[in-house]
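Engineer: Just need the structure, nothing else, for what follows:
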Amino acid sequence: QVQLHESGPNLVKPSQTLSLICTVSGGSITKNGHHWSWVRQPPGKELEWIGGIGYDGSTYYSPSLKSRTSISRDTSKNSLTLQLNSVTPEDTAVYYCAVGMPPIDDWGQGTQVTVYS
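Structural biologist: Predicted coordinates:
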């Protein structure tokens, strides 16, 4: 069974870059047909798909966040990276790494990121 673990700073200042890593175990991120997503949930709001990366390295982004988002991978570490630039307090959320490009098949436990000044 695939396990996902998100890590990174819990506090980020406005205008800075939010960077998170998702370490994947129990399965290869390059396995044919597999896709991986980043999803977030701001306090009191619904889940929001940020973007994803496919087994072949192809990337996909939410139109609303595309200009500030970069998703990449490190195949040697079997990990995924999310970078969100120029953050504001509205980017405060629990950020999840997930299996699938919606629909989502499995989730990491999530990590809280707070943007504060």
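Engineer: Could you please name the strands the worst-scoring helix or strand of the chain on mean pLDDT pairs with and the direction of each pair?
Structural biologist: Least confident helix or strand, the chain: strand 106-107 with a mean of 95, by mean pLDDT, DSSP states H and E. When pairing is defined by DSSP bridges, strand 106-107 lines up against strand 93-99 (antiparallel).
Engineer: tell me which residues of stretch 104-117 are tucked away?
Structural biologist: For stretch 104-117, a neighbour-count test (16 or more other Cβ atoms under 10 Å) marks 104, 107-108, 110-111, 113, 115 as buried. For every residue, glycine as well, the C-beta is placed using N, CA and C.
Engineer: now do stretch 6-13
Structural biologist: So stretch 6-13, judged by 16+ other Cβ under 10 Å, has buried residues 6, 12.
Engineer: Give me the mean pLDDT for that stretch.
Structural biologist: The pLDDT scores in stretch 6-13 average 97.
Engineer: Other residues contacting it?
Structural biologist: 18-23, 87, 91, 95-97, 108-117 (Cβ atoms under 8 Å, 6 or more residues apart in numbering).
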